[in-house]
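Novice: Sequence and computational prediction follow.
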Amino acid sequence: MAEAKCCECTGDVNEATLLKRLDEVLRDYKGKPGALIPVLQIAQKMFGYLPEAALKRISLALDKPYSEVAGVVGFYSFFTTVPRGDHLIRVCMGTACYVRGGKQVLDAVKKCLGIDVGGTTGDRRFSLEVARCFGACGLAPVITVDDDIHQRVKAAKVQDILDRYKKKSHKKKSVAKKGGRK
């Protein structure tokens, strides 16, 4: 993986800088009960995913076996150890969404992006995942792009939705700045 040089004007940072920032977070959470999941969420927001180096640091700092940390990451679908694209697309495949055309929506997203579930486009702009249920069954079928919810999605409209995000510069690089602000 190529590392970006640290540059305050663009927000690009290298892994060593992010690990130092993670150490600051870990100092704040050390000894606090229930710290593992919040720390993993913060780390993923900082890195864009959870690299092995970060997981090892978290394990040591929180005095948890590496297997426990890796197990939590593997259990929860919102954690990833693989770099994601700038925009994360999730297609709901819960019963209501599936019955109301979720499979066709998923197929349309896959076709438009040229990737399969779990994949990331070559330009690292989009990653695709499925979800079991968003709890928005009355709005089915539903997809999310980042934190945006799209309801009653039709396969024929998927390209229009994706085009909106192709134009947007995304937050991944600026999230890593201290304080997590854009």
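Specialist: It's in.

Novice: and the end-to-end length of stretch 93-100?
Specialist: Stretch 93-100 has an end-to-end distance of 10 Å (criterion: Cα to Cα, to the nearest Å).

Novice: Can you give me the buried ones in that stretch?
Specialist: Within stretch 93-100, the residues that count as buried by 16 or more other Cβ atoms under 10 Å are 93, 94, 96, 97, 98, 100. The C-beta positions use only the backbone N, C-alpha and C, and glycine is treated the same way.

Novice: How about stretch 35-55?
Specialist: Buried residues in stretch 35-55, defined by neighbour count with 16+ other Cβ under 10 Å: 35-36, 39-40, 42-44, 46-51, 54-55.

Novice: can you check stretch 136-150 too?
Specialist: 136, 137, 139, 140, 141, 142, 143, 144, 145, 150.

Novice: Run through who's touching that stretch.
Specialist: Outside stretch 136-150, the residues within contact range by Cβ atoms under 8 Å, 6 or more residues apart in numbering are 87-92, 94-102, 105, 109, 131, 134, 151-153, 161-162, 165, 170.

Novice: And the residues you listed, which of them are buried?
Specialist: Buried, going by 16+ other Cβ under 10 Å: 87-92, 94, 96-98, 100-102, 105, 109, 131, 134, 153, 161-162, 165, 170, out of the contacts of stretch 136-150.

Novice: now, which of those lie within strands?
Specialist: Of these, the ones assigned to strands by DSSP state E are 87, 88, 89, 90, 91, 92, 131.

Novice: Quick check: the two most widely separated of the residues you listed?
Specialist: Using Cβ to Cβ, those reach their maximum pairwise distance at 87 and 92, which is 16.6 Å.

Novice: what about the strands in this protein?
Specialist: Assigned by DSSP E, the strands in the chain fall at 87-92, 126-131, 143-145, 148-150.

Novice: ok, and the closest non-adjacent residue to residue 165?
Specialist: residue 87 (4.8 Å; Cβ to Cβ, 6 or more residues apart in numbering).

Novice: Could you give the bridge partners of the one you found?
Specialist: residue 126 (DSSP bridges).
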